[in-house]
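Engineer: this one's structure only:
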């Protein structure tokens, strides 16, 4: 295992892609897919990038398909590709809104930038619907390889919020600056994705992600992507999902590389079946669909499938003050999610895994200071949370990957910039999720503009991640052209005549 303290990704050699250019490509041209012909358009800033939004990959998971595995979508009607699909239903109560408690703002010295971040963290203004299983593609076939490496991103949000339409995840700069095709997806959240029904399917949300990967495998060549070079990456709940895929589909992972960011299957602990079932029965009881003593599970399910979605949402606990952490999340079912993952094989794939320097800098601002603890004791508690939930699980997962002979790299994010600063008392530092918008090149500059250093580190990260997914032996050039920082090149860039 190799590590640099800033950001480094050095990938194992995989099958090299052809350097030949594809046939002439018109930006936004219609692409034929199994979902139907999809019209595209030029991306909003990177006008050479073709953007395809809101492509359905599964049938609407409503009615008899609610709480069930996704069913593949096939169509022949034209998809306009102009708009993101609606987000999947989030938790009914958002603890992150414009009315964030003034007491906590004052206590932690939350900045104006921080208030904006907190007000936008759960998809403000993004429509929501139960019919939400769509994906998006950004590509630039007129340059670079004929078959480009593909990156599929799984968003975070504690499995109760998030959407591929969040501006931070827009893939246009990845596709414009690096020779990759970028894909983002929606998957079911809360009780709709992780119902906890002890007599039914426990993890439809993970199955949504898998079906989206199958769609990418089957269709991405039409967007100039290489179906043999797909990397699955994600942050927080998305990172944990990436890791779950490595266990659940170890013999047929579809993808060729993994990047779990700030989340692992062990660190973001899956729900025990009894805890999941308790929440399921809370909802069935509230909706008069039966309780734990009901013997006819099918009748209970059909009642739940016919209940208005808004009525279901109204029964869900506040996910910040729930009696159990992560009340809606992957549930141990011994099929996709395991009680003893160390006893199960993992996919034989390269892995790039890492964390931020102060993950708990985000979570701390939601919890009032505890009067029985001194500031020093609170600092110790939150640093222990960093280690327990993020750093140590990532270390163990990386160590296992090494033991199994997989090329493995780690990173640690230290970036703190004026337009990512969350709080000052104590300083939030490089907190959970603070690197994602920098990585994608989509930091909100409404209040504070990017610095040159921020632009450079974002560009470097995209280059490093893209070099990893391309399967190149990457060479790190130090002091190249008299510049500070690090420059990446092909591993064989200086090997002429060897």
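Structural biologist: Thanks, I have the structure now. Remember, it's a predicted structure, so these values are computed and weren't measured experimentally.
Engineer: roughly how far apart are the residue nearest to residue 142 when sequence neighbours are not counted and residue 55?
Structural biologist: Using CB to CB, 6 or more residues apart in numbering and skipping residues adjacent in sequence, the residue nearest residue 142 is residue 25, 4.5 Å away. C-beta: built from backbone N, CA, C; applies to glycine. Separation of residue 25 from residue 55 (CB to CB, to the nearest Å): 18 Å.
Engineer: more neighbours, the two?
Structural biologist: Neighbour tally, residue 25 and residue 55, criterion other CB atoms under 10 Å: the higher count belongs to residue 55, 26 against 17.
Engineer: quick check: pLDDT value at the residue nearest to residue 142.
Structural biologist: Note on residue 25: pLDDT of 96.
Engineer: for residue 316, same thing?
Structural biologist: On the pLDDT scale, residue 316 gets 89.
Engineer: next, count neighbours for it.
Structural biologist: Neighbours of residue 316 (other CB under 10 Å): 22.
Engineer: what does residue 434 give?
Structural biologist: Residue 434 has 26 nearby residues by other CB under 10 Å.
Engineer: that one touches residue 419, doesn't it?
Structural biologist: No. Residue 434 is beyond contact range of residue 419, at 10.3 Å (criterion: CB atoms under 8 Å).
Engineer: quick check: longest strand of the chain.
Structural biologist: For the chain, the strand with the greatest residue count under DSSP state E is strand 225-235.
Engineer: all strands of the stretch 251-400 of the chain, in order?
Structural biologist: 257-261, 351-356 (DSSP state E, counting those that start in this stretch).
Engineer: need these in JSON lines (columns: mean neighbour count and mean pLDDT).
Structural biologist: Shown next, in JSON lines, are these (neighbours: other CB atoms under 10 Å; pLDDT from 0 to 100):
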{"stretch": "strand 257-261", "mean neighbour count": "28", "mean pLDDT": "98"}
{"stretch": "strand 351-356", "mean neighbour count": "26", "mean pLDDT": "96"}
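Engineer: export those strands to a markdown table and tack on distance to residue 448?
Structural biologist: Shown next, in a markdown table, are those (distance: least, CB to CB, whole Å):
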| stretch | distance to residue 448 |
| --- | --- |
| strand 257-261 | 24 |
| strand 351-356 | 19 |
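Engineer: tell me which residues touch the residue nearest to residue 142, please.
Structural biologist: 50, 141, 142, 224 (CB atoms under 8 Å, 6 or more residues apart in numbering).
Engineer: need these in TSV (columns: neighbour count).
Structural biologist: Formatted as TSV, the contacts of residue 25 follow (neighbours: other CB atoms under 10 Å):
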residue	neighbour count
50	28
141	26
142	16
224	25
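Engineer: in helices, which of the residues you listed appear?
Structural biologist: Taking DSSP state H, every one of these sits outside helices.
Engineer: for these, which one is nearest residue 370?
Structural biologist: residue 50 (51.8 Å; CB to CB).
Engineer: what sits against the closest residue to that closest one other than its chain neighbours?
Structural biologist: Leaving aside its sequence neighbours, residue 50 sits nearest to residue 40 (CB to CB, 6+ apart; 4.5 Å). With contact taken as CB under 8 Å, 6+ apart, residue 40 is in contact with 27, 28, 29, 30, 31, 50, 51, 52, 81.
Engineer: do the same with residue 305
Structural biologist: Counting by CB under 8 Å, 6+ apart, residue 305 touches 63, 64, 66, 67.
Engineer: also residue 395?
Structural biologist: Counting by CB under 8 Å, 6+ apart, residue 395 makes contact with residue 410.
Engineer: so how far is residue 402 from it?
Structural biologist: Residue 395 is 11 Å from residue 402, by CB to CB.
Engineer: could I get the contacts of residue 40 as TSV with distance to residue 383?
Structural biologist: As requested, the contacts of residue 40 are exported to TSV (distance: CB to CB, whole Å):
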residue	distance to residue 383
27	48
28	49
29	52
30	53
31	48
50	45
51	41
52	43
81	46
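Engineer: so of those, which ones are in strands?
Structural biologist: 31, 50, 51, 52.
Engineer: for those residues, which two are the farthest from each other?
Structural biologist: The largest separation in the ones in strands among the contacts of residue 40, counting by CB to CB, is between 31 and 51 at 11.5 Å.
Engineer: before we move on, the earlier item: which one of the strands of the stretch 251-400 of the chain lies nearest to residue 313?
Structural biologist: Nearest to residue 313, of all the strands of the stretch 251-400 of the chain, is strand 257-261, at 28.6 Å by CB to CB.
Engineer: and the angle from that closest one to strand 351-356?
Structural biologist: Interaxial angle of strand 257-261 relative to strand 351-356 (axes from the mean of the first three to the mean of the last three CA atoms, to 10 degrees): 10 degrees.
Engineer: how far does strand 257-261 sit from the chain's center?
Structural biologist: 10 Å (CA atoms, centre = their mean, to the nearest Å).
Engineer: can you give me the angle that strand makes with strand 225-235?
Structural biologist: Put simply, strand 257-261 runs at 20 degrees to strand 225-235, going by the same axes, to 10 degrees.
Engineer: related to what we said a few turns ago, give me the distance between the residue nearest to residue 142 and residue 143.
Structural biologist: On the measure of CB to CB, residue 25 and residue 143 end up 9 Å apart.
Engineer: equivalent analysis for residue 130, please.
Structural biologist: Residue 130 sits 39 Å away from residue 143 when distances are taken as CB to CB.
Engineer: which one of these two has more residues nearby?
Structural biologist: Taking other CB under 10 Å, residue 130 and residue 143 do not tie; residue 130 has more neighbours (20 against 13).
Engineer: quick check, nearest of the contacts of residue 40 to residue 332?
Structural biologist: residue 52 (36.4 Å).
Engineer: ok, how many other residues are close to that closest one?
Structural biologist: Residue 52 has 24 nearby residues by other CB under 10 Å.
Engineer: which of the contacts of residue 25 sits closest to residue 423?
Structural biologist: Out of the contacts of residue 25, the member with the shortest distance to residue 423 (by CB to CB) is residue 50, at 39.5 Å.
Engineer: just checking, that closest one touches residue 171?
Structural biologist: No. Using CB under 8 Å, residue 50 is not in contact with residue 171; the gap is 11.0 Å.
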